[in-house]
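Peer 1: Quick one, structure for this:
(chains A and B)
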Amino acid sequence: MKLPVYLDYSATTPVDPRVLEKMLPYLGGSFGNPASRSHSFGWDAERAVEHAREQVASLVNADPREIVWTSGATESINLALKGAAHFYRDKGRHLVTVKTEHKATLDTMRELEREGFEVTYLDVGADGMLDIGRFIASLRPDTVLASVMYVNNEIGVIQDIAALGEICRERGILFHVDSAQASGKVVIDLAALKVDLMSFSAHKTYGPKGVGALYVRRKPRVRLEAQMHGGGHERGMRSGTLPTHQIVGMGEAFGLAQSEMGSETERIRGLRDRLWAGLRGIEEIYLNGSAEHRVAHNLNVSFNFVEGESLMMAIKDIAVSSGSACTSASLEPSYVLRALGRSDELAHSSIRFTVGRFTTAEEIDYAVQVVTEKVAKLRAMSPLWEMHQEGIDLNSVQWAAH
Amino acid sequence: MSYSNKVVDHYENPRNVGSFDRADESVGTGMVGAPACGDVMKLQIRVNENGVIEDARFKTYGCGSAIASSSLVTEWVKGKTLDQAMQIRNTQIADELALPPVKIHCSILAEDAIKAAIEDYRKKKVGESSAAAKQAEEQPALPARAAA
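Peer 2: Here you go, the predicted model:
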């Protein structure tokens, strides 16, 4: 077992060796520009790009012509939200999204607000789920677009995209879904889902960083205002020379996801459940987010009375993320955990473990042992744990904050 | 961000973790910070008849830099008089631990903690002994300091 152990698959994934192998020729002798129509260097590159496009479309049951290459999910989200809001600005100026979305969505929405759009940021329940009734209540005659992520990056909860899509389609509202964390983890069927725009990332699914895709529905047709100009690539929706090697990588990664998702998900679920089984006996531990509507690889827990960054330092041979303020650049705890109604203390005390393709049972057992040990050690150092043991209700204390 | 060796050292080998009996008249207790901020430090000093800090204990809920700052302070105050201990500045703590800018507030909190402990001890000595101890136990409402 090699140290450090990587349990941060939601932050990024290693490039699968099989993906890397497919990419390398395009960094070597097959370096042509896919837009070079007049010679074999270009034709070879174009063939590779189109094959990759089919692979991505196949995973999500879409038409290859509906796949637009981008530099990543962040760009896809920007293109979808800005592109659609601008194109359809005469239809209405109201947009709807959720407080637990990724910053790529929230910051883009904020930017659109600055341009004069009105945005509603919906609350979620304590389990992280968006209530359908609440969603419907937020829709107005002038609502043009709604954006809801399929799988949340912090807590792994899965929203009911099918139901939300039906509602939007009925009302003629465009529906965008951020699926950066969903590809290869849940079945995505765009022939069945009433989704108009969907954003994908390669590096969350064992592909390289720096490439992603945006699904843009053809039937009924969705139009976008391009955000990148210069040559009209990707049917005018996203200009710029296509990075063949990156795209080949994403295609292969999505191809592998399609063939292996079923068995892999079950294996990963077993490992995640093993981790939870090993930790849940610890006193004052809280699971963040719905246990039921959750992807197989995510475990986000709060260890009360222990601060997240100190725990991450303590388990230094295990790579994880925390919802603690100390670990974000601002001193504010995770907005996702706060949206669940978690107190600041529990948000500060959270650790996100995400399991993946290369995780072993041995690594899980090691993590259980180390985490248990270090939580105990940090609690012995914690004045809050001491007060809890003395029976003091921390909510009744008047703190001298600075 | 990776931690300086000194910060890691204080975490791996913490000095003076523990508690004194708050009610003991030779003990001063300072509790600063708030769970909502992700930083709470409890610092205690035991002062002898000559006004010298004989021993110190700390407990901290907070990141590695916060733990190290409070641990370091318990080392530094031993053998100092109360007035000398009041002179400890957060900048000294930050320098010693090589704290990056984003962690300076941890050293400020540690400075606040030692001042709070000293003030608690002094309040006790000014004859309000049992009343002050009781108040410190239920509601450690200490004077707020403006953040630097």
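Peer 1: For chain B, name the helix or strand with the lowest mean pLDDT.
Peer 2: Ranked by mean pLDDT, DSSP states H and E, the helix or strand of chain B with the weakest confidence is helix B:129-138, at a mean of 64.
Peer 1: Leaving out the residues flanking it, which one is nearest to whichever residue of the stretch 101-250 of chain A sits closest to chain B?
Peer 2: Using C-beta to the nearest C-beta, the closest approach of the stretch 101-250 of chain A to chain B is made by residue A:154 at 16.8 Å. For glycine as for every other residue, the C-beta is placed from the backbone atoms N, C-alpha and C. By the measure of C-beta to C-beta, 6 or more residues apart in numbering or on different chains, the closest residue to residue A:154 outside its immediate chain neighbours is residue A:336, 4.3 Å from it.
Peer 1: Ok, residue A:368 next?
Peer 2: residue A:278 (3.2 Å).
Peer 1: Let me know the pLDDT of whichever residue of the stretch 151-300 of chain A sits closest to chain B.
Peer 2: Residue of the stretch 151-300 of chain A nearest chain B, by C-beta to the nearest C-beta: residue A:284 (12.9 Å). With respect to pLDDT, residue A:284 has a value of 96.
Peer 1: correct me, but it touches residue A:345?
Peer 2: No - at 10.7 Å, residue A:284 does not count as touching residue A:345 under the criterion of C-beta atoms under 8 Å.
Peer 1: which one of these two has more residues nearby?
Peer 2: residue A:345 (23 against 15; other C-beta atoms under 10 Å in any protein chain shown).
Peer 1: hey, where'd the helices end up in the chain?
Peer 2: In the absence of a named chain, chain A is used. A:17-23, A:40-59, A:73-87, A:103-114, A:132-138, A:161-171, A:244-279, A:308-314, A:335-339, A:344-348, A:361-380, A:383-389 (DSSP state H).
Peer 1: nope, chain B please
Peer 2: B:5-12, B:64-77, B:82-86, B:90-97, B:104-125, B:129-138.
Peer 1: Out of these, which is closest to residue A:247?
Peer 2: With respect to residue A:247, and counting by C-beta to C-beta, the nearest of the helices of chain B is helix B:64-77 at 41.3 Å.
Peer 1: Packing partners of that closest one?
Peer 2: helix A:308-314, helix B:5-12, strand B:39-47, strand B:53-61, helix B:90-97, helix B:104-125 (3 or more C-beta pairs under 8 Å, 6 or more residues apart in numbering or on different chains; DSSP states H and E).
Peer 1: Would you convert the ones you listed into TSV that also reports mean neighbour count?
Peer 2: Formatted as TSV, those follow (neighbours: other C-beta atoms under 10 Å in any protein chain shown):
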stretch	mean neighbour count
helix A:308-314	24
helix B:5-12	17
strand B:39-47	27
strand B:53-61	24
helix B:90-97	18
helix B:104-125	23
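Peer 1: can you redo those as CSV with distance to residue A:390 and mean pLDDT?
Peer 2: CSV is the format used below for the helices and strands packed on helix B:64-77 (distance: least, C-beta to C-beta, whole Å; pLDDT from 0 to 100):
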stretch, distance to residue A:390, mean pLDDT
helix A:308-314, 21, 89
helix B:5-12, 25, 89
strand B:39-47, 12, 96
strand B:53-61, 12, 96
helix B:90-97, 29, 95
helix B:104-125, 18, 94
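Peer 1: Save these as JSON lines, and put in distance to residue A:133 too.
Peer 2: What follows is these, written out as JSON lines (distance: least, C-beta to C-beta, whole Å):
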{"stretch": "helix A:308-314", "distance to residue A:133": "34"}
{"stretch": "helix B:5-12", "distance to residue A:133": "48"}
{"stretch": "strand B:39-47", "distance to residue A:133": "40"}
{"stretch": "strand B:53-61", "distance to residue A:133": "39"}
{"stretch": "helix B:90-97", "distance to residue A:133": "51"}
{"stretch": "helix B:104-125", "distance to residue A:133": "43"}
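Peer 1: which stretch among the ones you listed comes nearest residue A:103?
Peer 2: Comparing the helices and strands packed on helix B:64-77 by C-beta to C-beta, helix A:308-314 comes nearest, at 18.8 Å.
Peer 1: which residues are contacting the closest one?
Peer 2: Residues from elsewhere that reach helix A:308-314 (C-beta atoms under 8 Å, 6 or more residues apart in numbering or on different chains): A:303, A:320, A:322-324, A:326-327, A:348-351, A:371, A:374-375, A:377-378, B:3, B:8, B:11, B:38, B:62-64, B:66-67.
Peer 1: rewinding a little: so how far is residue A:291 from the residue of the stretch 151-300 of chain A closest to chain B?
Peer 2: Here residue A:284 is placed at a distance of 18 Å from residue A:291 (C-beta to C-beta, to the nearest Å).
Peer 1: so how far is residue A:384 from the residue of the stretch 151-300 of chain A closest to chain B?
Peer 2: In terms of C-beta to C-beta, residue A:284 sits 10 Å off from residue A:384.
Peer 1: shared neighbours, the two?
Peer 2: A:304-305.
Peer 1: In this structure residue B:15 contacts residue B:73, no?
Peer 2: No - using C-beta under 8 Å, residue B:15 is not in contact with residue B:73; the gap is 9.8 Å.
Peer 1: Which one's more surrounded, those two?
Peer 2: The residue with more neighbours, out of residue B:15 and residue B:73, is residue B:73; 28 against 17, by other C-beta under 10 Å.
Peer 1: give the contact list for the more buried one.
Peer 2: Neighbours of residue B:73 in contact, by C-beta under 8 Å, 6+ apart: B:43, B:56, B:58, B:88, B:93, B:110-111, B:113-114.
Peer 1: want to try TSV for the residues you listed, with distance to chain A as columns?
Peer 2: Putting the contacts of residue B:73 into TSV (distance: C-beta to the nearest C-beta, whole Å) gives the following:
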residue	distance to chain A
B:43	9
B:56	14
B:58	8
B:88	16
B:93	15
B:110	11
B:111	10
B:113	10
B:114	14
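Peer 1: can you put those residues in JSON lines and add distance to residue A:247?
Peer 2: Listed next are the contacts of residue B:73 as JSON lines, based on distance: C-beta to C-beta, whole Å:
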{"residue": "B:43", "distance to residue A:247": "57"}
{"residue": "B:56", "distance to residue A:247": "61"}
{"residue": "B:58", "distance to residue A:247": "55"}
{"residue": "B:88", "distance to residue A:247": "59"}
{"residue": "B:93", "distance to residue A:247": "51"}
{"residue": "B:110", "distance to residue A:247": "52"}
{"residue": "B:111", "distance to residue A:247": "55"}
{"residue": "B:113", "distance to residue A:247": "55"}
{"residue": "B:114", "distance to residue A:247": "59"}
